[in-house]
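Engineer: sharing a sequence plus its predicted fold:
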Amino acid sequence: MALYWNNSGRRKIDDCLPVTTYSKDRTKEEIRTLKREKQREYRSRPEIQERQARYLELHRDEKIKYDKDRQAKPEIKERRFDLQKRQMYGITAEEYKAKLVQQNYVCESCKKPEERIDYRSGKPFSLAVDHNHYTGEVRGLLCTKCNISLGLVDDKPEILVKYLAKYNGKMYP
């Protein structure tokens with residue numbers, strides 16, 4: 001197994017997969033999966049784990065600073081935001097932003113902007129993606145209060161409607 005440095009300065013595992021692995025019959029995802037399996041196998045070896053532990057022990061502060069600086073970069077934040085939305089809800093960051101503009105930057109349910117503030121940045125949290133848990137269909141963007149309220153009734157608003165109908169919608173004197 002040959003290790004080498006690529007242009008970005010990262011080590012790559014080469015020669016770990018036979019040439020037949022890269023045949024035209026396989027999709028890119030299949031080849032990626034095979035590479036990941038081999039990398040996992042390589043990293044699980046005790047001598048490699050010991051070497052990584054020693055390295056991390058020596059360079060812990062540098063790694064923490066590097067990770068912090070990297071996560072603060074706008075392009076990394078944007079990529080992470082896009083990946084999260086795609087993986088969790090099947091929408092891209094552009095679709096999320098279009099929905100946000102369509103809703104005029106307010107919650108679809110209460111028509112108010114998000115009130116919850118991130119204590120680290122001092123900025124309001126982004127609106128939550130409301131989606132059908134059975135079909136995956138995106139319904140809209142909700143503030144934290146509305147999202148939690150809907151979650152507490154198991155995405156069945158008719159429970160609240162029945163309860164409010166019992167009191168003719170009069171909850172306060």
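Structural biologist: Great, that's in hand.
Engineer: what helix or strand is the spatially most central residue of the chain on?
Structural biologist: The residue lying closest to the centre of the chain (C-alpha atoms, centre = their mean) is Gln84, at 2.5 Å. Assigned by DSSP states H and E, Gln84 falls within helix 74-89.
Engineer: for the record, mean pLDDT for that helix?
Structural biologist: The pLDDT scores in helix 74-89 average 89.
Engineer: so what's Asp118 up against?
Structural biologist: By C-beta atoms under 8 Å, 6 or more residues apart in numbering, the contact set of Asp118 is Pro124, Phe125. The C-beta positions use only the backbone N, C-alpha and C, and glycine is treated the same way.
Engineer: how is the protein carved up into domains?
Structural biologist: For the chain, the structural domains run 1-44, 74-166, going by automatic domain parsing.
Engineer: longest helix in the chain, by number of residues?
Structural biologist: Longest helix in the chain by number of residues (criterion: DSSP state H): helix 46-72.
Engineer: buried set for the helix or strand harbouring Tyr163?
Structural biologist: Element membership of Tyr163 [criterion: DSSP H and E] is helix 158-166. Buried positions in helix 158-166, judged by neighbour count with 16 or more other C-beta atoms under 10 Å: none.
Engineer: what does stretch 96-111 give?
Structural biologist: Tyr96, Lys99, Cys107, Glu108, Ser109.
Engineer: with Pro124 as the reference, measure out to the fourth one.
Structural biologist: I take that to be Glu108. 16 Å (C-beta to C-beta, to the nearest Å).
Engineer: so where's this protein uncertain?
Structural biologist: Along the chain, the model assigns pLDDT under 70 to residues 1-24, 169-173.
Engineer: now do 80
Structural biologist: By pLDDT under 80, the low-scoring segments of the chain are 1-26, 133, 154-157, 159-161, 163-173.
Engineer: circling back to that earlier point, which of the buried residues of stretch 96-111 lies closest to Tyr167?
Structural biologist: Set against Tyr167, the nearest of those by C-beta to C-beta is Ser109 (20.2 Å).
Engineer: does the closest one touch Thr144 like I think?
Structural biologist: No - in this structure Ser109 lies outside contact range of Thr144 using C-beta atoms under 8 Å: 11.3 Å.
Engineer: can you pull the buried residues of the helix holding Gln84?
Structural biologist: Asp82, Lys85, Tyr89.
Engineer: against which helices or strands is that helix packed?
Structural biologist: Under the contact definition 3 or more C-beta pairs under 8 Å, 6 or more residues apart in numbering; DSSP states H and E, helix 74-89 sits against helix 46-72, helix 93-102, strand 128-131.
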